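K.L.:
coords please:
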Amino acid sequence: MGDEQVAAPSKQRRISQRGIATRERILEAANRLMFVRGVNATTLDDVREASQTSKSQLYHHFADKQELVRALVKYRGALVLQRERGGLERLRSFSGLVRWRNALVQANSLNNGRYGCGLGSMAVELSDQDEQARSMLLETFAAWEKLISDGLHRMRDSGALRQDADPEKLATGLMAALQGGYLLANAAHNVAPMEVALDMALDHIKSFLSEPSGEPTR
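P.N.:
Presented below is the predicted three-dimensional model:
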């Protein structure tokens, strides 16, 4: 049996560096298109044209649109979490939360509030269509929310937040305000609703500060 296991061919498909670059190019093109147009309105031919790949190249890496979309959920989730770690992994103060809020609003203002959150828009389209994609999105949102709650825990442990503050509930409320703000900003093509939603959530967190910070939420 041991010899048979050694002799058995590997089922893993090795991808060359060129192949890796092609796959990355396809995902980058799909990410751009589906962020603006949405998942359902973007076809594989759209992605193929934008990525300058042939049908054979596209289907070599992704058997169908569902497989591409699932890969994109993972790809976009990794990009968002990488960005969010930059603003949240060292969060220890309310002023840090304000800076995080300002960065998100400023980035969204570049599109005049259009298109919403890259993850939130996918969740709206895919949650009732693809259970695996929904589950992947849920895991990414949970990781994002944990970055917030971990920062709030550090604030509570340091005494910046009162002991009766609940970091998990505050993080959920802040995430809900953020996603709702993205949605309303997209509908209005204006970041003002996003600013209001985030500021109200931050004011609630501010009410749990051990000492009033006197810091504005804008």
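K.L.:
for the chain, longest helix please?
P.N.:
helix 131-157 (DSSP state H).
K.L.:
next one: that helix to chain centre, how far?
P.N.:
Averaged C-alpha coordinates place helix 131-157 at 10 Å from its chain's average position (CA atoms, centre = their mean, to the nearest Å).
K.L.:
what's the answer for stretch 80-89, then?
P.N.:
For stretch 80-89 - counting by CA atoms, centre = their mean - the centre lies 10 Å from the chain centre.
K.L.:
Give me the mean pLDDT for it.
P.N.:
For stretch 80-89, the mean pLDDT works out to 95.
K.L.:
I'd like the numbering to begin with 4 instead of 1 from here.
P.N.:
Done: numbering now begins at 4, and the last item shifts to stretch 83-92.
K.L.:
what comes up buried for it?
P.N.:
Across stretch 83-92, burial judged by 16 or more other CB atoms under 10 Å covers 83-84, 87, 90-91. No exception for glycine: its C-beta is placed from N, CA and C like everyone else's.
K.L.:
among those, which are in helices?
P.N.:
Per DSSP H, helices hold the following members of the buried residues of stretch 83-92: 83-84, 87, 90-91.
K.L.:
how much space between the nearest residue to Ala195 once chain neighbours are set aside and Phe38?
P.N.:
Leaving aside its sequence neighbours, Ala195 sits nearest to Ala188 (CB to CB, 6 or more residues apart in numbering; 7.5 Å). From Ala188 over to Phe38 the distance is 15 Å, taken as CB to CB, to the nearest Å.
K.L.:
Looking at the two, which has the bigger crowd around it?
P.N.:
Ala188 (27 against 19; other CB atoms under 10 Å).
K.L.:
Pick out the residue nearest the middle of the chain.
P.N.:
When CA atoms, centre = their mean is applied to the chain, the residue found nearest the centroid is Val83 (3.9 Å).
K.L.:
re earlier: turn the buried residues of stretch 83-92 into TSV, including distance to Ile23.
P.N.:
TSV is the format used below for the buried residues of stretch 83-92 (distance: CB to CB, whole Å):
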residue	distance to Ile23
Val83	22
Leu84	21
Glu87	25
Gly90	29
Leu91	30
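K.L.:
so after the helix or strand of the chain with the lowest mean pLDDT, what's the next helix or strand?
P.N.:
Within the chain, no helix or strand scores below helix 5-10, which has a mean of 37 by mean pLDDT, DSSP states H and E. For helix 5-10, the following helix or strand on the C-terminal side (DSSP states H and E) is helix 20-40.
K.L.:
taking the mean pLDDT, what do you get for that following helix?
P.N.:
Across helix 20-40, the average pLDDT comes to 94.
K.L.:
Same check on stretch 176-196?
P.N.:
Taken as a whole, stretch 176-196 has an average pLDDT of 97.
K.L.:
again, but for stretch 124-134
P.N.:
The average pLDDT for stretch 124-134 rounds to 94.
K.L.:
before we move on, the earlier item: with respect to Thr25, which of the ones in helices among the buried residues of stretch 83-92 is nearest?
P.N.:
Val83 (23.6 Å; CB to CB).
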